[in-house]
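# any chance you could fold what I've pasted below:
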Amino acid sequence: MSIITISTLSELSTQLDKIIKNTPNITYISYIDGEYGFRCLWYNGFVRHYTNKQRKSGNLVVGFCFKGNTIFLKELCDIIIEYKETAFNLENIIDDTHIDNDKNDHRIDSTPCSVPYKGTSGWSRYNTTGLHSEEYESIIDSFNFKSIIFTIHQIGHTMYVKNCRSNIIGKLNDIPIDFGRINDNRDILLSYFKPNTEISKIKKNAIACFIRNTNKCPERNLPDIIYIPLIEYCKFKKIHLNIFFDLNPVDIQESEYVHICNIRENGVLLIDKFIDICRESYIFLGADSGITEICNTYTDCNVLFYESQSPWGAVNKNIIIKTTQELISEINNIMM
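All right, here's what the predicted structure looks like:
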């Protein structure tokens, strides 16, 4: 697997030309955006299933992603083309998430959709979902790949594909793939989403913690009755604590053993760096959030899952905690 970094979309055309000259039969995986958990689900479910078929057929798999998102494609692609920015230039993007209910079709709407809730957490379509570049789409269309997964936008439980009618999300040997009509596709998403259960036996003197703090479903946040005792515990035990913030940070002072990991760019979490830091930690504490799923999928951390008032499902071997006492007890057990 190799990674090619590009600075402009014209470089994308150049790189694809070079690749195709050497290997004519390539499969192209466009980017998937949306909330972290759904993104993880798509790549580890449907895209994994799709790329496995392509590799068995002898096709070279090429994937495109934004900066800090290569982790999603590393096991799935032979070549990754990473755009050096976290999103396309705001002046050249179009919000493609307007639904024309009368015509049952997803059309381009040049008027940006409103953010579906009000607040100060910083959440916006710019750093989550629904934005595409006409220049990028035109480049991909010009190659007319026989096998391709189109650009997919996931907003909550709803999937959007540019100019898509009836859920066509790609092609396989020039045959359209209709996600809605192939009965086993949704099962594929779930069956291939298998978080890592090979927990590291090499003890590390570090814990990672992602503090979810947003007004989007605030009942799913990680409360201070959990993370403040964790901070005090790590100071007392001299354990390094790597803290990640949501878009809305909380007031925590760094110290010898408490480290604030500022790994966002333009408001976007750089997943690759997040995973690198988590892999250097022995325990991860996460809230009712998609970022917990990502850590649970791509690392061998002992994952502690704080069960909120409306849990959406801790997975596999996660240790569920509900109280401060349970948190400290589980950490003691793991670190013994």
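
# drop to CA atoms for contacts and neighbour counts, all remaining ones
Will do.

# residue ranges of the helices in the stretch 201-336 of the chain, please?
224-237, 271-279, 290-298, 324-335 (DSSP state H, counting those that start in this stretch).

# what mean pLDDT does the third one get?
This points to helix 290-298. Helix 290-298 carries an average pLDDT of 88.

# between it and helix 271-279, how many degrees?
70 degrees (axes from the mean of the first three to the mean of the last three C-alpha atoms, to 10 degrees).

# now tell me which helix or strand of the chain has the poorest mean pLDDT.
Taking mean pLDDT, DSSP states H and E as the measure, the chain has strand 105-107 as its least confident helix or strand, at a mean of 31.

# out of the helices of the stretch 201-336 of the chain, flag the one nearest residue 11.
Evaluated with C-alpha to C-alpha, the helices of the stretch 201-336 of the chain place helix 271-279 nearest to residue 11, the distance being 22.5 Å.

# restricting to C-alpha, output the closest one in PDB.
These are the backbone C-alpha positions of helix 271-279, laid out as PDB (Å, rounded to 0.1, in the frame of the first residue of the first chain):
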ATOM      1  CA  ILE A 271      -8.200  10.700  12.600                       C
ATOM      2  CA  ASP A 272      -4.700   9.400  11.700                       C
ATOM      3  CA  LYS A 273      -3.100  11.400  14.500                       C
ATOM      4  CA  PHE A 274      -5.800  10.400  16.900                       C
ATOM      5  CA  ILE A 275      -5.200   6.700  16.200                       C
ATOM      6  CA  ASP A 276      -1.500   7.100  16.600                       C
ATOM      7  CA  ILE A 277      -1.900   8.600  20.000                       C
ATOM      8  CA  CYS A 278      -4.400   6.000  21.100                       C
ATOM      9  CA  ARG A 279      -2.100   3.200  20.000                       C
END
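
# circling back: need the least confident one among the helices of the stretch 201-336 of the chain, by mean pLDDT.
helix 290-298 (a mean of 88).

# list the helices and strands it packs on?
helix 36-42, helix 271-279, strand 283-286, strand 302-306 (3 or more C-alpha pairs under 8 Å, 6 or more residues apart in numbering; DSSP states H and E).

# which other residues reach the second one?
Applying C-alpha atoms under 8 Å, 6 or more residues apart in numbering, the external contacts of helix 271-279 come out as 68-71, 207-208, 242, 263, 284, 295, 298-301.

# any idea how far apart the tips of stretch 142-150 sit?
Start-to-end span of stretch 142-150 (C-alpha to C-alpha, to the nearest Å) is 13 Å.

# give the buried residues for that stretch.
By neighbour count with 16 or more other C-alpha atoms under 10 Å, stretch 142-150 contains the buried residues 145, 146, 147, 148, 149, 150.

# excluding covalently adjacent residues, which one is nearest to the third one?
Right, residue 147. Once flanking residues are discounted, residue 147 sits nearest to residue 172: 4.5 Å by C-alpha to C-alpha, 6 or more residues apart in numbering.

# same thing with residue 51?
Here the residue nearest residue 51, using C-alpha to C-alpha, 6+ apart, is residue 76, at 6.2 Å.

# what sits against the residue nearest in space to the middle of the chain?
The centre of the chain sits closest to residue 36, judged by C-alpha atoms, centre = their mean, with a distance of 3.6 Å. Residue 36 sits next to 290, 291, 294 when contact means C-alpha under 8 Å, 6+ apart.

# switch the cut-off to 10 Å
128, 154, 269, 271, 289, 290, 291, 292, 293, 294 (C-alpha atoms under 10 Å, 6 or more residues apart in numbering).

# re earlier: reformat the contacts of helix 271-279 as JSON lines; add neighbour count.
Formatted as JSON lines, the contacts of helix 271-279 follow (neighbours: other C-alpha atoms under 10 Å):
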{"residue": "68", "neighbour count": "23"}
{"residue": "69", "neighbour count": "19"}
{"residue": "70", "neighbour count": "20"}
{"residue": "71", "neighbour count": "17"}
{"residue": "207", "neighbour count": "25"}
{"residue": "208", "neighbour count": "25"}
{"residue": "242", "neighbour count": "22"}
{"residue": "263", "neighbour count": "16"}
{"residue": "284", "neighbour count": "25"}
{"residue": "295", "neighbour count": "24"}
{"residue": "298", "neighbour count": "17"}
{"residue": "299", "neighbour count": "24"}
{"residue": "300", "neighbour count": "22"}
{"residue": "301", "neighbour count": "27"}
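
# and of those, the nearest to residue 250?
Nearest member of the contacts of helix 271-279 to residue 250, counting by C-alpha to C-alpha, is residue 242, at 14.1 Å.
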